[in-house]
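K.L.:
pasting the structure only:
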Ligand SMILES: N[C@@H](CCC(=O)N[C@@H](CS)C(=O)NCC(=O)O)C(=O)O
């Protein structure tokens with residue numbers, strides 16, 4: 001390996017895509033290792049914690065956990081605050097996104113369609129608006145988490161909102177976060193960033 005490598009599923013989603021975006025925004029020439037879903041079970045045991053994304057840099061052991069990867073990239077390439085307290089505030093919001101994934105993620109594995117519908121409708125009624133209200137409470141005048149400058153936290157918030165905004169998650173309406181203008185504004189500001197547009201125009 002002679003350049004950084006990011007390993008994740010072959011899909012523009014979630015924890016892996018936010019790390020790819022961070023690498024792209026940082027201008028890093030990286031190997032974009034996309035694992036077909038069918039190959040994941042064979043590769044899983046060789047990852048640090050049995051999950052992806054995994055980031056590798058020449059001369060270092062593989063690094064796992066999206067927030068650790070994002071903070072490393074953010075610190076290295078100016079996409080995370082230098083001030084320790086402000087950085088921790090950003091990391092708090094990043095943990096809030098992981099809290100959301102921790103409740104919605106397991107519903108993907110519910111095999112009974114009726115049970116899945118019930119559980120997801122329950123999330124739409126309570127957990128998702130509560131999560132969004134708490135995120136919103138910690139957002140300022142925007143457009144990004146910390147004003148005019150895009151940081152890794154914004155990439156993470158963008159991916160969280162985008163997850164549902166596409167309308168492709170059964171039983172979770174695309175409008176589930178539409179009533180939260182600050183969250184929507186972060187999502188849109190990241191979407192409209194020229195570097196992000198360039199990534200999707202490849
Ligand atoms: N805390 C980890 C969670 C990683 C995680 O659960 N990744 C999912 C994909 S987003 C995964 O690897 N799922 C497949 C599996 O657990 O076997 C992080 O933030 O990266």
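P.N.:
Now that the structure is in, tell me what you want to look at. Here the structure is a predicted model, which is why all the values come from computation and not from measurement. Residues are numbered from 1 along each chain as shown.
K.L.:
Sticking with the spatially most central residue of the chain, tell me its helix or strand.
P.N.:
The residue lying closest to the centre of the chain (CA atoms, centre = their mean) is residue 156, at 3.7 Å. Element membership for residue 156, per DSSP states H and E: helix 152-165.
K.L.:
elements contacting that helix?
P.N.:
Contacting helix 152-165 under the criterion 3 or more CB pairs under 8 Å, 6 or more residues apart in numbering; DSSP states H and E are the following elements: helix 14-26, helix 66-77, helix 84-104, helix 181-191. Where C-beta positions appear, they are placed from N, C-alpha and C, glycine not excepted.
K.L.:
related to what we said a few turns ago, tell me how far the residue nearest to the centre of the chain lies from residue 165.
P.N.:
Here residue 156 is placed at a distance of 15 Å from residue 165 (CB to CB, to the nearest Å).
K.L.:
Likewise for residue 191?
P.N.:
Distance of residue 191 to residue 165, given as CB to CB: 9 Å.
K.L.:
Which one's more surrounded, the two?
P.N.:
residue 165 (20 against 14; other CB atoms under 10 Å).
K.L.:
Got the domain ranges for the protein?
P.N.:
Domains of the chain are assigned by automatic domain parsing as 5-79, 84-193.
K.L.:
Residue numbers of the protein in contact with the ligand?
P.N.:
Residues of the chain lying close to the ligand (CB under 6 Å from any ligand atom) are 14-15, 44, 51-53, 65-67, 98.
K.L.:
Most neighbours among the residues you listed, which one?
P.N.:
Highest neighbour count within these: residue 66, with 27 neighbours (other CB under 10 Å).
K.L.:
pLDDT value on that one, please?
P.N.:
Residue 66 carries a pLDDT score of 98 in this model.
K.L.:
ok, and the closest non-adjacent residue to it?
P.N.:
Of all residues not flanking residue 66 in the chain, residue 15 sits nearest, at 3.7 Å (CB to CB, 6 or more residues apart in numbering).
K.L.:
Can you tell me how far that neighbour is from residue 46?
P.N.:
18 Å.
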